[in-house]
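Asker: sequence plus predicted model, see below.
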Amino acid sequence: MLDTRIDPSEVQYMGMPGMSEQSLLAVDVIVNSELPPRRASLVTNRQGLYLFLFWDWNNVPLTVVHSGFSSGYPGQGPRSFSQALCMLWDRGITTNLVIANKTIFDAIEHRRLTEDLVDWLRNTDDRPLTWPQPEWIYREHEHQVEGQTFWCTFHQPKLNADFLDEELSARCRQTFSHNKEAAVTAAYKVVEERLRKLLDKPLGYGDQLVKDALDPARGALVDKSLSKAEKEGMYQLFLGAMKFVRNPRSHRFLDEEDYQLDIELVYQADLLLRILSKIS
């Protein structure tokens with residue numbers, strides 16, 4: 001038994017009860033920190049709800065991650081639970097299972113810990129976990145535990161549309177979550193529309209629009225204060241975007257799986273729009 005007792009006022013709480021994403025993010029922050037904890041406890045109330053206790057992390061004796069996790073039915077709770085277990089397994093964090101009655105579980109969840117209860121939780125060792133534990137994990141994610149392929153699922157990059165051009169954000173934000181290729185195509189259509197508006201030219205597409213706008217020799221939007229090389233560079237930047245990004249997506253399905261690339265292509269469209277706002 002550990003002799004040093006923990007004052008309940010020193011306990012730190014992370015995540016939110018019933019909120020899978022918030023609780024999973026809390027686990028991610030803890031176990032993937034520079035100095036992750038060496039020991040954790042998984043507490044269940046026998047009714048399919050789980051919360052995590054992390055001992056001696058970041059100079060805090062006990063960190064509680066609220067019960068955003070569940071098991072036994074399809075949904076975000078079981079998926080988040082399996083991913084949380086994967087993280088602990090991947091980091092080699094010693095973990096034990098604590099089966100608690102409703103009174104104890106609720107006391108942890110609702111911040112009613114006493115010194116005696118913390119002491120009991122710290123020293124109990126009901127069941128050491130062994131990895132993997134597929135009977136606890138939503139079936140869809142068993143392969144992630146066994147193959148450790150969960151990182152691409154949890155750490156899938158997301159499009160941050162808060163700072164994007166207003167029209168670009170309106171066209172891409174909702175679409176990106178379920179059809180990234182369509183969102184990228186829409187982003188470069190916004191660039192085309194902006195060029196048409198600036199040129200006051202309702203017709204014209206892709207390469208031709210860029211030539212009419214930014215061809216160093218005759219483009220209507222060429223910034224005459226730029227050097228010859230800079231004019232050519234800006235022209236090639238826009239022309240390359242149309243040839244390499246916009247055109248292929250307008251003529252064939254690419255079925256890309258590189259989420260980060262798709263995000264950065266949308267950001268590049270935003271960059272082009274910002275440049276146009278400076279020279280128009």
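Answerer: All right, it came through fine.
Asker: make it CA atoms for all contacts and neighbour counts henceforth
Answerer: OK.
Asker: F69 belongs to a helix, doesn't it?
Answerer: No - the assignment for F69 (DSSP: H, G, I helix; E, B strand; the rest coil) gives strand, which keeps it out of a helix.
Asker: tell me the pLDDT at it?
Answerer: pLDDT for F69: 80.
Asker: wait, doesn't D165 sit right on D270?
Answerer: Yes - using C-alpha atoms under 8 Å, D165 is in contact with D270, at 6.1 Å.
Asker: mind checking which of those two has more residues around it?
Answerer: Using other C-alpha atoms under 10 Å as the criterion, D165 and D270 rank with D270 on top: 24 against 16.
Asker: confirm the more buried one sits in a helix?
Answerer: Yes - counting by three-state DSSP, D270 is found in a helix.
Asker: what's the distance between it and I104?
Answerer: Taking C-alpha to C-alpha, to the nearest Å as the measure, D270 falls 52 Å from I104.
Asker: by contact count, what packs against the strand or helix carrying G233?
Answerer: Per DSSP states H and E, G233 falls inside helix 228-241. Here helix 228-241 touches helix 206-214, going by 3 or more C-alpha pairs under 8 Å, 6 or more residues apart in numbering; DSSP states H and E.
Asker: and for the helix it packs on, what's in contact with it?
Answerer: Contact with helix 206-214 is made by 192, 195-196, 199, 218-222, 231, 234-235, 238-239, 242-243, 246-247, as judged by C-alpha atoms under 8 Å, 6 or more residues apart in numbering.
Asker: one more time with 7 Å
Answerer: The contact list for helix 206-214 (C-alpha atoms under 7 Å, 6 or more residues apart in numbering) reads 192, 195, 199, 219-222, 235, 238-239, 242.
Asker: OK, contacts around D258?
Answerer: Contacts for D258 (C-alpha under 7 Å, 6+ apart) come out as none.
Asker: buried residues in the helix holding G233?
Answerer: 231-232, 234-236, 238-239, 241 (16 or more other C-alpha atoms under 10 Å).
Asker: residues contacting that helix, please?
Answerer: Helix 228-241 is contacted from outside by 207, 210, 214-216, 222, using C-alpha under 7 Å, 6+ apart.
Asker: of these, which one scores lowest on pLDDT?
Answerer: D207 (88).
Asker: per-domain residue ranges of the protein.
Answerer: Domain assignment for the chain, taken from automatic domain parsing, gives 8-154, 166-279.
Asker: so which of those comes closest to N160?
Answerer: Of all these, it is domain 166-279 that lies closest to N160, at 8.4 Å by C-alpha to C-alpha.
Asker: measure the closest one end to end?
Answerer: 18 Å.
Asker: list the buried residues of the helix or strand containing A187.
Answerer: Assessed by DSSP H and E, A187 sits inside helix 180-199. Residues 180-196, 199 are the ones in helix 180-199 that count as buried (16+ other C-alpha under 10 Å).
Asker: relative to helix 206-214, how tilted is that helix?
Answerer: Going by axes from the mean of the first three to the mean of the last three C-alpha atoms, to 10 degrees, helix 180-199 is angled at 40 degrees with respect to helix 206-214.
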